[in-house]
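**Student:** mind folding the following:
(2 chains)
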Amino acid sequence: MIRVQEADFDLGAEVAKLRAGRTDIGAIVTFIGTVRDCGGRVDEMTLEHYPAMTEAELARIEAEAKARWPLQASLIVHRVGRLTPGENIVLVATASEHREAAFAAAEFLMDYLKTSAPFWKRESGPDGSRWVEASANDDEAASRWRDKHAAE
Amino acid sequence: MHLLYFAWVREKTGIAAEDVELPAGIATVGDLMAWLKMRGEGFADAFARPDVVRAAVDQTHARRDASLEGAREIAFFPPVTGG
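**Tutor:** Predicted coordinates for the structure are as follows:
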């Protein structure tokens, strides 16, 4: 399941929905990404996205995770619009029979989301505002899954 | 052809979207970027580093050598920074 929204999300409610009525799930992993103030440099973050492409890209990433690991359920919720430090940005949840698949798939979803889903962050603070630059670490994190895939 | 610009590419071009008639001879994403770059100061600035600007053809990531044949919507944007 994929959702892009301005509103906040509630982790407990999302997990409850994900597992409702199911008795076959043995492991649920959740990840929440939040806005940092970066030592007082950031007062506000604005997330822009490419609506027509975002959901398609997130669905593609989710389908790839489901093809790689035996997931019984998964969820990606990504917020857009104006956020302040401490607020939630993104939620990824994965459910599987065993923890290995749930952990790996959650990490994969985040790594791929960060390098391919069309979102852009703009931070503003006391020194003005700037577009956040893409991180080489994120590219590296995503590429290790490709290497792994190639090795398999 | 419907063109979209996001984040700092949008700020530099000064527009979020436009419809353009492409001149003959523009076959790839890279050709289109080279043409856009010549459309004034804002576009020149937006496409000054074509290796940094990313593109999508009909909502799918596309490399600079990707063909524009049959494409309806091309988007240009910086490397993504979600999550």
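**Student:** going by C-alpha atoms from here, please, whenever you check contacts or count neighbours.
**Tutor:** OK.
**Student:** which stretches in chain B count as helices?
**Tutor:** Along chain B, counting by DSSP state H, helices occupy B:7-13, B:29-36, B:41-46.
**Student:** repeat for chain A
**Tutor:** A:11-19, A:51-68, A:99-116, A:136-151.
**Student:** what is the rounded mean pLDDT of the second one?
**Tutor:** Mean pLDDT, taken over the full extent of helix A:51-68, equals 96.
**Student:** that helix packs against which elements?
**Tutor:** Counting contacts by 3 or more CA pairs under 8 Å, 6 or more residues apart in numbering or on different chains; DSSP states H and E, helix A:51-68 packs against strand A:2-5, strand A:71-79, helix A:99-116.
**Student:** close to chain A: what parts of chain B are there?
**Tutor:** Contact residues, chain B versus chain A (CA under 8 Å from any CA of the partner chain): B:6-8, B:59-60, B:78-83.
**Student:** again, 10 Å this time
**Tutor:** Contact residues, chain B versus chain A (CA under 10 Å from any CA of the partner chain): B:4-8, B:56-61, B:75, B:77-83.
**Student:** what subset of these is buried?
**Tutor:** B:4-8, B:56-61, B:75, B:77-83 (16 or more other CA atoms under 10 Å in any protein chain shown).
**Student:** ok, now which ones touch A:V92?
**Tutor:** A:1-2, A:11, A:29-33, A:74-78, A:105-107, A:109-110, A:113, B:83 (CA atoms under 10 Å, 6 or more residues apart in numbering or on different chains).
**Student:** now A:A105: how far from A:V92?
**Tutor:** Distance from A:A105 to A:V92, counting by CA to CA, to the nearest Å: 10 Å.
**Student:** find the residues that touch each one of those two.
**Tutor:** Shared contacts of A:A105 and A:V92, defined by CA under 10 Å, 6+ apart, comprise A:29, A:74.
**Student:** any chance of JSON lines for the helices of chain B, columns mean pLDDT?
**Tutor:** Output for the helices of chain B, formatted as JSON lines (pLDDT from 0 to 100):
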{"stretch": "helix B:7-13", "mean pLDDT": "98"}
{"stretch": "helix B:29-36", "mean pLDDT": "97"}
{"stretch": "helix B:41-46", "mean pLDDT": "98"}
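**Student:** wait, which of these is closest to A:P51?
**Tutor:** helix B:7-13 (13.1 Å; CA to CA).
**Student:** give me the helices and strands touching that closest one, please.
**Tutor:** strand A:44-49, strand A:119-125, strand A:128-131, strand B:2-5, helix B:41-46, strand B:73-77 (3 or more CA pairs under 10 Å, 6 or more residues apart in numbering or on different chains; DSSP states H and E).
**Student:** turn the ones you listed into TSV, columns for distance to B:D31.
**Tutor:** Output for the helices and strands packed on helix B:7-13, formatted as TSV (distance: least, CA to CA, whole Å):
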stretch	distance to B:D31
strand A:44-49	25
strand A:119-125	25
strand A:128-131	27
strand B:2-5	14
helix B:41-46	14
strand B:73-77	12
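**Student:** chain neighbours aside, what residue packs nearest to B:H61?
**Tutor:** B:A55 (6.0 Å; CA to CA, 6 or more residues apart in numbering or on different chains).
**Student:** for A:E107, see how far away A:D24 is.
**Tutor:** Using CA to CA, A:D24 is found at 22 Å from A:E107.
**Student:** who has more neighbours, these two?
**Tutor:** More neighbours surround A:E107 than the other of A:D24 and A:E107, with 22 against 11 (other CA atoms under 10 Å in any protein chain shown).
**Student:** return the per-residue confidence for A:D139.
**Tutor:** So, for A:D139, pLDDT stands at 88.
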